[in-house]
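[1] Here is a sequence with its predicted model. Questions after.
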Amino acid sequence: AIERGQIHVEPGFLPPPLVRSLREDAMSLFEAGLFSPDGLTNTAVGRSQQGFDRRDRQTFRGDGWSSATGDQAARLQFAARMRSLREELAEGLGRPTLASEGERRHEMTYNWYEAGAKLGRHLDEHHEETKGTKGWLRPSRRSVTWLVYLNEQWEAAEGGALRTFPRPQPSSQAVGSDAGNLQVGWLDASRPVFLETREGGLSTLYCRAGGGGGGGRREALSAAAFEVPRQPVDFGAFLAAEYGSRFEQISTSRLDPRFATGTPAEFTEFGELHHVDVLPAAGTLVLFDSVSLPHLVREVTSTRPRVAATGWFHEDSLAVPLFPVGS
Ligand SMILES: O=C(O)CCC(=O)C(=O)O
Ligand SMILES: [Fe+2]
């Protein structure tokens, strides 16, 4: 399901005693003041003016996971499970570098939503070329998003559902990346479109012909190689005429709160688009591709907080020296 752009949902993934230990650990770390407000960064506004507060996601992240604070044993036990899951995915998805270890490579966090908190629609990873000058500097990137919910007997009436926006039909080919080039859109609703950037900074949009694992011939979609402009980017503008009406961009300024100018974008749930909601019930595991699957968290209407362990398994980024030194 994941490689076809759909979500994988597995109730009962985590045994109840470990769910309980992790939830109690998160509660005590929260009480110790170790979580920080962490909404979606709006690139049009400075970091200090983001104004994140208790109505945003709050997270416990960084090196805290392996530190001696709280219930370190429970967190490490959980980390060992997630590691074997990651090794399974490396094999099953044909993403071999998911199995690589590295300090601070695979992210592991708790997140926390108070009553009234929510998170706008977003993607967890973006094409390097759309991330400005720093885009190409990281050795690895988010590949698979995982969530494990920790809320005992959570009811739909308490809100806080995860809303995901997979394609109505599974993708015809493997999503996310092709030969290291990240996906930026869809052609004919279910064919992934990738962006390749060559040395010197010129880019091309392309698809793979035929079905199967994406091994088909490359079909260039852009009229000519182009330089990716600053955000917000409209890739449609670079397509050859015959593809224009058949293309949908995954992340646009309308759909992505990162690119709202001035005040943060109005929170929208996009209920009119095809979506799949998941109840954040204790022990449930959710997995999806970090590059191609937009999602949001609906408002928590309960009086109790919504708590989850969440993280990202990383793959190597393209290691090509893309730009001549000094450019
Ligand atoms: O907690 C969730 O269900 C999703 C959180 C999320 O999308 C994120 O932290 O990036
Ligand atoms: Fe996310």
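    Here it is on my side, so go on. Ligands and ions are numbered 1, 2, ... in the order given.
[2] quick one, strands of the stretch 1-150 of the chain?
    Ranges of strands in the stretch 1-150 of the chain, per DSSP state E, counting those that start in this stretch, are 8-10, 36-37, 58-60, 107-113, 119-122, 140-149.
[3] Arg198 and Thr204: what is the separation?
    Per C-beta to C-beta, to the nearest Å, Arg198 is found 8 Å from Thr204. In short, each C-beta sits where N, CA and C put it, glycine included.
[4] And these two? Which one has more around it.
    A direct count of neighbours by other C-beta atoms under 10 Å for Arg198 and Thr204 places Thr204 higher, at 18 against 11.
[5] Check what contacts the host helix or strand of the more buried one and list those residues.
    Using DSSP states H and E, Thr204 sits in strand 203-208. Strand 203-208 is contacted by residues 129, 173, 178, 184-185, 187, 191-198, 214-222, 225-228, 235, 238-239 when judged by C-beta atoms under 8 Å, 6 or more residues apart in numbering.
[6] and what of stretch 78-90?
    Residues contacting stretch 78-90 (C-beta under 8 Å, 6+ apart): 2, 14, 18, 22, 65-66, 95-99, 106, 108, 144, 146, 148, 287, 309, 311, 313.
[7] repeat for stretch 303-310
    22-23, 26-27, 30, 78, 108-115, 117, 145-151, 154, 158, 160, 280, 297, 300.
[8] Would you list the strands that the helix or strand containing His314 pairs with, along with their directions?
    In the assignment (DSSP H and E), His314 maps to strand 306-316. Paired with strand 306-316 in the same sheet, following DSSP bridges, are strand 107-113 (antiparallel), strand 140-149 (antiparallel).
[9] Kindly state the beta-bridge partners for the residue in the chain that ligand 1 sits nearest to.
    The nearest approach of the chain to ligand 1 comes at Leu162, 3.8 Å away (C-beta to the nearest ligand atom). Beta-bridge pairing for Leu162 (DSSP bridges): Val278, Val297.
[10] Run a quick neighbour tally on it.
    23.
[11] Please name the residues that touch it.
    Leu162 touches 147, 277-278, 280, 286, 295-298, counting by C-beta under 8 Å, 6+ apart.
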